[in-house]
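what's the 3D shape of this:
(one chain, ligands or ions: 1)
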Amino acid sequence: MAKAKKKSKLKVVKAKKAKKPAAKKANGLPSPSKKKFGEAGLALDGVRILDFTHVQSGPTCTQLLAWFGADVIKVERPGVGDITRGQLIDVKGADSLYFTMLNHNKRSITIDSKHKKGKEILDRLIKECDILVENFAPGALDRMGLTWEHIHKLNPRMIVASVKGFGPGPYEDCKVYENVAQCTGGSASTTGFRDGPPLVTGAQIGDSGTGLHLALGIVTALYQRSRTGRGQKVLCAMQDGVLNLARVKLRDQQRLKHGPLTEFSQYGEGVPFGDAVPRAGNDSGGGQPGRILKCKGWENDPNAYIYFITQAPVWEPICDVIGEPTWKTDPEFSTPKARLPKLNAIFARIEKWTMTKTKFEAMDILNKYDIPCGPILSMKELAEDQSLRKTGTVVEVDHPKRGKYLTVGNPIKLSDSLSKVKRSPLLGEHTDEILKDVLGYSAKEIGDIKMSGAITAPEKKEKAA
Ligand code: CAO
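Numbers count the residues shown, from 1 in each chain. Got it, this is the predicted structure:
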């Protein structure tokens, strides 16, 4: 009996020993790199992207993927390029900041996608790339002949990622820009003040927000491809992206059925709620009431304000800081529930205090007590912020035609894939290089392609010929 017990124990030990390394091997992972973090290449090294994006939503996505190491080949129309190259021009003869700030770390090739030879080049590129990203108007890619069926047949591993204004439904054929998406995705109807019109936000949640969503869809599809071996379609509709970012408002829409939204100022003001979520001004959208309050100098500085949150756990220090210590125990103020109908009066009192401090002085004082708050920072202040420069969130880039300019670097920091921001490409800057190195065309063939007009602007065809 004792012997048998010993035997089974041995068996268990053996099984345990054998299982661990086997499970690791099953994941197909190599052994952990011995290189220092940040020296083992970039996360998306070896991934090649055929980038058919333009304006903002698509370029945001491919710029992120380029920062993570993908080789992004931006296809542009000969002589014209991405329309933003020439929009909101500040330096004559140079690509606009609109373009440069959305197209870092990419290569540019000009191809007329409707030209016979251009189509042939694109087909070869499809075979050499892992991902095609586009944000043309609905149907435009198909009209170029680049249908999913065509692409999938040429390269079954290719992931085809698209931004469109709307998903399938009554508006699927519509063209969409940023503010249209903000309006149709529920952001505008819930932004602004109750007595004013709907407002669009400064943050580009329709374009850049959807580009971010698309980037996640792409890397997820890449991960799945490593198991299935095949590509798939990835679609992000701007309306869906905005609604996803405005999901707390859909939450509130459903709460309305059960009574007024007590954290909204209008509750305390006795203004009845309608049947849709109203605009809430600067009221906090979460469970902790907050407001934008004036600070010292507000009369002359449009950004001398601070966002102040009356977080319940720090209510007592708030009372001490603003000079209302009796509010700590007064049942009219001591509980979050009791405070909700009086938010206007409470914030008016807090503002009396914030107006005696600059936004930075207030921030310093409040932070000592862990009171959540944030100064309203202007773009000038952000551009000059040295800590953002240090982290690479704000970067100075040199450009051959426009000189030095500031941009927002990669906001997503990976400890083993360190992004370096490289200037955006000039129109067609890498055409020859891509034809030769990626597609293997000979010098003679490249000369013939130039003569064909497939990669040259119409007015330059004669010269090239
Ligand atoms: N060679 C030849 N033709 C090219 C080309 C190339 N390299 N690149 C683009 N084109 C053509 C397209 O094929 C299309 O031609 P057809 O209409 O004849 O098929 C034409 O250029 C215009 O493309 P488009 O319709 O996408 O561009 P637009 O300026 O008219 O519309 C936009 C712009 C943004 C409204 C539209 O692309 C769109 O709705 N995109 C989806 C949503 C989106 O991403 N919006 C965000 C934009 S950022 O605010």
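
how about the residues of the stretch 51-200 of the chain by the ligand?
55-58, 75-77, 111-114, 135-137, 140, 143-144, 163-165, 175-178 (Cβ under 6 Å from any ligand atom). For every residue, glycine as well, the C-beta is placed using N, CA and C.

show me which of those residues are buried.
55-58, 75-77, 111-113, 135-136, 144, 163-165, 176, 178 (16 or more other Cβ atoms under 10 Å).

so Tyr98, which of the three states?
Three-state call for Tyr98 (DSSP: H, G, I helix; E, B strand; the rest coil): helix.

and the closest residue to Leu235 other than its chain neighbours, how far from Val47?
Spatial nearest neighbour of Leu235, excluding adjacent residues (Cβ to Cβ, 6 or more residues apart in numbering): Ser162 at 5.3 Å. Shown here: Ser162 relative to Val47, a distance of 18 Å by Cβ to Cβ, to the nearest Å.

dump the residue contacts of the residue of the stretch 201-350 of the chain found nearest the ligand.
Across the stretch 201-350 of the chain, the shortest distance to the ligand (Cβ to the nearest ligand atom) belongs to Asp207, at 4.6 Å. By Cβ atoms under 8 Å, 6 or more residues apart in numbering, the residues touching Asp207 are Val55, Gln56, Ser57, Thr60, Tyr177, Glu178, Ala181, Met238.

again, but for Val219
Counting by Cβ under 8 Å, 6+ apart, Val219 has contacts Leu44, Leu65.

what about it, is that helix, strand or coil?
Val219 ends up helix, using three-state DSSP.

report pLDDT for it.
Among the per-residue scores, Val219 holds a pLDDT of 98.

how about Arg339?
Confidence score, pLDDT, at Arg339: 95.

what does the one 10 residues further on give?
Note on Arg349: pLDDT of 98.

burial count for it?
16 (other Cβ atoms under 10 Å).

got a list of contacts for the helix or strand hosting it?
Using DSSP states H and E, Arg349 sits within helix 343-354. Here helix 343-354 makes contact (Cβ under 8 Å, 6+ apart) with 263, 265, 268-269, 283, 289, 291, 293-295, 306, 308, 310, 318, 321-324, 333, 339, 362.

check stretch 248-268 too.
Contacts to stretch 248-268, defined as Cβ under 8 Å, 6+ apart, come from residues 186, 190, 194, 243, 272-273, 275-278, 280-281, 283-287, 289, 340-344.

for it, buried residues please.
Buried, per 16+ other Cβ under 10 Å, within stretch 248-268: Lys249, Asp252, Leu261, Glu263, Phe264, Ser265, Gln266, Tyr267, Gly268.

stretch 188-207 too?
Neighbour-count burial for stretch 188-207 [16+ other Cβ under 10 Å]: Ala188, Ser189, Thr190, Thr191, Gly192, Val200, Thr201, Gln204, Ile205, Gly206, Asp207.

repeat that for stretch 98-117.
98-113, 115, 117.

re the thing from before, show me the contacts of stretch 248-268 that map onto helices.
The members of the contacts of stretch 248-268 that map onto helices under DSSP state H are Leu243, Leu343, Asn344.

narrow these to those that are buried.
Buried among these by 16+ other Cβ under 10 Å: Leu243, Leu343.

redo the ones in helices among the contacts of stretch 248-268 as JSON lines? Include pLDDT and distance to the ligand.
Conversion of those to JSON lines gives the following (pLDDT from 0 to 100; distance: Cβ to the nearest ligand atom, whole Å):
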{"residue": "Leu243", "pLDDT": "98", "distance to the ligand": "15"}
{"residue": "Leu343", "pLDDT": "93", "distance to the ligand": "37"}
{"residue": "Asn344", "pLDDT": "93", "distance to the ligand": "38"}
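
which of the helices or strands spans the residue most central in space within the chain?
The centroid of the chain falls nearest to Leu212 when counting by Cα atoms, centre = their mean (3.5 Å). Following DSSP H and E, one finds Leu212 within helix 207-228.
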